[in-house]
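> Structure for this input, please:
(chains A and B)
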Amino acid sequence: MFRTRFAPSPTGYMHIGNLRTALYAYLIAKKEHGQFILRIEDTDQNRNVPEALAAIYRGLALAGISYDEGPDKDGGFGPYVQSQRLPIYKEYAEKLLAGGHAYYCFCGKEDKPALEAANERVEGYRDPCRDLSPQQVEARIAEGIVPVVRQRVPMEGVSAFEDHVYGHIEIENKQLDDQVLLKSDGFPTYNFANVVDDHLMQISHVIRGQEYLSSTPKYNLLYEAFGWEHPEYIHLPHIIREDGAKMSKRKGDPSFEDLVRMGYLPQAIVNYVALLGWNPGDEREFFLMQDLIAAFDMDRINKANAAFSLDKLRWLNGEHIRSLSPETFHEISLPFYPQGLAEFDLAKISQLIQVRTETLTDIPKLVGFLAELPEYSADLFENQKSKSTRETSRRVLEAVAPMLESQEDWSNEALFELLKTFAQAQGLKVGTVMWPIRTALSGQETSPGGATELASLMRKEESLRRIRLGLNKLA
RNA sequence: GCCCCUAUUGUCUAGUGGUUAGGACGCAGCCCUUUCAAGGCUAAAACCCGGGUUCGAAUCCCGGUAGGGGCACCA
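Okay, here's the model as predicted:
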């Protein structure tokens, strides 16, 4: 049975890397019809942000990642919040102590500053408390010193394991340090809690960032000490910026929710992020969640870091937008429409802009001209491609204005037919006729839709008003 | 400082000893066209460097270089 977990610490918002880790863990479980578990790693009392838990729930819901077990969804392996599992860690730490796989350490944080200067570090260094006699330990405790519990890592030997992404990893034990398992405040460290919880929650595959790659041997030593089997490992490369730097909120890199606010569809973001470090082995790039579940393969995850490109996300977002039904697109567009379009048929506008929308936040500048004709220069009436000059534009508008005035059927089709026939009769290119009309109607070099589409969108009077305005500019 | 990991066009990637090194984004051009998009087509653009191994290396080995990560009572 596949059981994976997403185990964020509630320190902030859901960033892109977190989203991908959660997604991969979800995909790996669901691919095998297994369970996906949400666990909150809040063992650092100083770093808990109250808002963060809500952000995690929001992010997962937005992404379409649902968990089978979690803080608010018991599956018999709870509690799923580490701060509520303190007695469990204590119990297991005592087992380790009893078996000699851990020891009490009485050193204060201040006792180690010299060692913390990284280049002073000696390989194979072991804490002096490692060799305290039971009597010495008792004496210290009697003094009232609150100890931490440290893992007793063998000084000799080599620890090795297989990772689904990185393959064979091998580290000499002397490179590993006697890490703290239980802090003096009674909370476990991540290094301890992850092992105890993953085992107790029967996690089969651990999916996490590659920053844990070099401490995984220490975790395996812990599994061994308990006589447990360790899970399979899938360590993930990092997502970085295009300039090679780390993603950082300070540098303005957006979180998952920021991207949604920026007009990206959650499903497009999920699709994009899935492709950052993984590919299906064929040339598909467009995926919805169900397709991802079917196609995902943890053994095809890349080892190298991947740069996050807004450009490509933008394109993929466009693909997702274009794949929406007109009704769905209209529905999600509605909140992005600016004021002043009350008299328009918004559903019709949506149809026109769907294929031209890359992010939902494009919408206001796409449709703004409808509400209010922008200020524009008569130069706009000149266009090489349509063979339009100021002169042809003026003549066309002059000729067309009365025709439109007496036109009753204001549909796109009828208008197009009328103007096309006119062009042919005059021996003009269709473009030469359409260009000045479209320009006068939009006041812009480009617009979502051509002359007759814009006209049919506007009331007849407004269309004629704008055409007369254009004519004035050309007079 | 020590340890671990990584390295194909600007970016995401395919590739597991013999390929004209494939695809995608972006960029440029063309076609289509009622402007712009969308769509179609075309182009430019890559195997970090140096040694091996081999008839033959992007692919295997070694050594550099560069980048990332770890060495917390943070996760």
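> How about the contacts made by the residue nearest to residue A:220 when sequence neighbours are not counted?
Ranked by C-beta to C-beta, 6 or more residues apart in numbering and with sequence neighbours excluded, the top spatial neighbour of residue A:220 is residue A:230, at 5.0 Å. Where you see a C-beta, it was placed from the backbone N, CA and C, and this is true even at glycine. Going by C-beta atoms under 8 Å, 6 or more residues apart in numbering, residue A:230 touches A:161, A:219-220, A:223-224.
> ditto for residue A:280
A:287, A:295-297, A:300.
> Of the residues you listed, which is the nearest to RNA strand B?
residue A:300 (6.2 Å; C-beta to the nearest atom of the strand).
> count of neighbours near the closest one?
14 (other C-beta atoms under 10 Å).
> mind putting the contacts of residue A:280 in TSV, secondary structure and distance to RNA strand B included?
Supplementary listing: these in TSV, determined by DSSP: H, G, I helix; E, B strand; the rest coil; distance: C-beta to the nearest atom of the strand, whole Å:
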residue	secondary structure	distance to RNA strand B
A:287	coil	12
A:295	helix	13
A:296	coil	13
A:297	coil	10
A:300	helix	6
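> Can you tell me which of these are buried?
Neighbour-count burial (16 or more other C-beta atoms under 10 Å) is assigned, among the contacts of residue A:280, to A:287, A:295-296.
> coming back round to it: narrow the contacts of residue A:230 to those that are buried.
Neighbour-count burial (16+ other C-beta under 10 Å) is assigned, among these, to A:161, A:219-220, A:223.
> In strands, which of these appear?
Secondary-structure check on the buried ones among the contacts of residue A:230 using DSSP state E: residues within strands are residue A:161.
> In helices, which of the buried ones among the contacts of residue A:230 fall?
The helices in this structure, assigned by DSSP state H, contain A:219-220, A:223 from the buried ones among the contacts of residue A:230.
> can you list those in JSON lines and add pLDDT?
As requested, those are exported to JSON lines (pLDDT from 0 to 100):
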{"residue": "A:219", "pLDDT": "98"}
{"residue": "A:220", "pLDDT": "97"}
{"residue": "A:223", "pLDDT": "98"}
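> any idea which of these is the one closest to RNA strand B?
Using C-beta to the nearest atom of the strand, residue A:219 is the member of these that lies nearest RNA strand B, at 10.0 Å.
> And the closest residue to the closest one other than its chain neighbours, what's its pLDDT?
The spatially closest residue to residue A:219, leaving aside those adjacent along the chain, is residue A:195, at 5.0 Å (C-beta to C-beta, 6+ apart). In this prediction, residue A:195 carries a pLDDT score of 98.
> In which helix or strand does residue A:251 reside?
If you go by DSSP states H and E, residue A:251 is not part of any helix or strand.
> Pretty sure it sits against residue A:242.
No. Counting by C-beta atoms under 8 Å, residue A:242 is not a contact partner of residue A:251; they are 11.6 Å apart.
> what's the overlap in contacts for the two?
Residues touching both residue A:251 and residue A:242 (C-beta under 8 Å, 6+ apart): there are none.
> Is it possible to get JSON lines of the contacts of residue A:280 that adds pLDDT?
Supplementary listing: these in JSON lines, determined by pLDDT from 0 to 100:
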{"residue": "A:287", "pLDDT": "98"}
{"residue": "A:295", "pLDDT": "97"}
{"residue": "A:296", "pLDDT": "98"}
{"residue": "A:297", "pLDDT": "97"}
{"residue": "A:300", "pLDDT": "97"}
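> what helix or strand is residue A:392 on?
Residue A:392 belongs to helix A:390-405, assigned by DSSP H and E.
> hang on, the earlier thing: return the distance of the residue nearest to residue A:220 relative to residue A:151.
Going from residue A:230 to residue A:151 by C-beta to C-beta, to the nearest Å gives 15 Å.
> For RNA strand B, what's its nearest residue on chain A.
In chain A, no residue comes nearer to RNA strand B than residue A:450, which is 2.0 Å away by C-beta to the nearest atom of the strand.
> thought that residue was touching residue A:434?
Yes. The criterion here is C-beta under 8 Å, and residue A:450 meets it with residue A:434 at 6.0 Å.
> quick one: which of those two has more around it?
For the pair residue A:450 and residue A:434, the greater number of neighbours falls to residue A:434 (22 against 19), based on other C-beta under 10 Å.
> which secondary structure elements does the helix or strand containing that one contact?
Under the criterion of DSSP H and E, residue A:434 resides in helix A:430-442. Secondary-structure packing of helix A:430-442 (3 or more C-beta pairs under 8 Å, 6 or more residues apart in numbering; DSSP states H and E): helix A:390-405, helix A:412-426, helix A:451-457, helix A:460-474.
> quick one: that helix to helix A:460-474, angle?
For helix A:430-442 against helix A:460-474, the angle by axes from the mean of the first three to the mean of the last three C-alpha atoms, to 10 degrees is 100 degrees.
> How about the residues of the stretch 351-475 of chain A by RNA strand B?
Proximity of the stretch 351-475 of chain A to RNA strand B is confined to A:355-356, A:383, A:385-386, A:412, A:415-416, A:430-431, A:434-435, A:438, A:445-453 under the rule C-beta under 7 Å from any atom of the strand.
> Perfect, I'm done here.
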